[in-house]
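A.B. asks: Fold the stuff below for me.
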Amino acid sequence: MGDAIGGMLAPAVGIAISPVPLIAVILMLATSKGRGNGIAFTAGWLVSLAALVTVVVLAASGGDASGGDDGPASWTLWLKLGLGVLFLLMGVKQWKDRPREGRAAEPPGWMKAIDTFTPGKSAGLAAALAVVNPKNLVLAVGGAVSIAASTASAGGKTVAAVLMVLIASLCTLLPLGVYFLGGEKSVTVLGEWKAWMAAHNAAIMTTVLIVLGAKYIGDAVSGLAG
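C.D. replies: I've put the predicted structure just below:
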């Protein structure tokens, strides 16, 4: 099980520190419908991410991803190589598209209209950010394939998948927890989080994607050469 958890940990953290869902849920919590929309957003994120991870783990396990005594199946190594290259390309694009010094990034249209959202629309936005957003989709697939390719038992893979979803959902669970438990200080704390993540978005995601890309490519090359 340790192999499965180790394989999914980096992608899960990469999803968890993605600034967009964190900023989205903080903005929702600041509106008049904040309580209901925040809960709906978090639930939508958890359910959609859990569904994606479950489908990929089951599909990859059905394809004998673990490969038996000889290590992971070769197709999982080629997939990791492809994902690693994608991570590197996305990291370069993230850095090239960063706002230049002294300029703020233009917020997306849905962010400007977030005070008009209903719980259903909030849950739908969460699902889109969790499994349609290219960065999160690639990270989730990479982590789920790593779980399937591990030597863990079915129970171990299940535990690893649950942990992956929970870790990857910290970007929504933590703001919601602060909102309900933080009292009067919650507004200040969440505002500081939002400002910090918005200011350091490019540097954070570029670093995560480059590191993950190097790791996946290194693991794939090592496995294919072995």
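A.B. asks: From here on, just use CA atoms for contacts and neighbour counts.
C.D. replies: OK.
A.B. asks: hey, which helix or strand in the chain has the poorest pLDDT?
C.D. replies: Within the chain, confidence by mean pLDDT, DSSP states H and E is lowest for helix 109-112 among all helices and strands, at a mean of 74.
A.B. asks: Using PDB, list the CA coordinates for that helix.
C.D. replies: In PDB, the C-alpha atoms belonging to helix 109-112 read as follows (Å, rounded to 0.1, in the frame of the first residue of the first chain):
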ATOM      1  CA  GLY A 109     -16.200  35.400 -16.800                       C
ATOM      2  CA  TRP A 110     -17.600  32.900 -14.300                       C
ATOM      3  CA  MET A 111     -15.600  34.500 -11.500                       C
ATOM      4  CA  LYS A 112     -17.200  37.900 -12.100                       C
END
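A.B. asks: Show me what that helix is packed against.
C.D. replies: Packing partners of helix 109-112 (3 or more CA pairs under 8 Å, 6 or more residues apart in numbering; DSSP states H and E): none among the helices and strands.
A.B. asks: who's in contact with it?
C.D. replies: Helix 109-112 is contacted from outside by A24, using CA atoms under 8 Å, 6 or more residues apart in numbering.
A.B. asks: do stretch 152-164 as well
C.D. replies: Residues outside stretch 152-164 that contact it (CA under 8 Å, 6+ apart) are 1-5, 8-9, 12, 50, 53-54, 57, 143-144, 147-148.
A.B. asks: Only whichever of the residues you listed are buried, select them in PyMOL.
C.D. replies: Buried members of the contacts of stretch 152-164, defined by 16 or more other CA atoms under 10 Å, are picked up in PyMOL with:
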select buried, resi 1+3+4+5+8+9+12+50+53+54+57+143+144+147+148
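A.B. asks: Any stretches of this structure with poor pLDDT?
C.D. replies: 66-71, 99-108, 226 (pLDDT under 70).
A.B. asks: any chance you could map the helices in it?
C.D. replies: Assigned by DSSP state H, the helices in the chain fall at 2-16, 19-29, 34-62, 74-96, 109-112, 119-127, 134-149, 154-168, 170-181, 186-225.
A.B. asks: Please identify the most buried of these.
C.D. replies: Sort the helices of the chain by mean neighbour count, taking mean count of other CA atoms under 10 Å, and helix 134-149 sits at the top with a mean of 25.
A.B. asks: who are the neighbours in contact with the residue lying closest to V53 once chain neighbours are set aside?
C.D. replies: Leaving aside its chain neighbours, V53 sits nearest to A144 (5.5 Å; criterion: CA to CA, 6 or more residues apart in numbering). Counting by CA under 8 Å, 6+ apart, A144 touches 8, 53-54, 56-57, 161.
A.B. asks: A126 versus A144, what's the distance?
C.D. replies: Counting by CA to CA, to the nearest Å, the gap from A144 to A126 is 19 Å.
A.B. asks: And G38, by the same measure?
C.D. replies: Distance of G38 to A126, given as CA to CA: 10 Å.
A.B. asks: Then V189?
C.D. replies: Taking CA to CA, one finds V189 at 22 Å from A126.
A.B. asks: Check V178 too.
C.D. replies: Separation of V178 from A126 (CA to CA): 19 Å.
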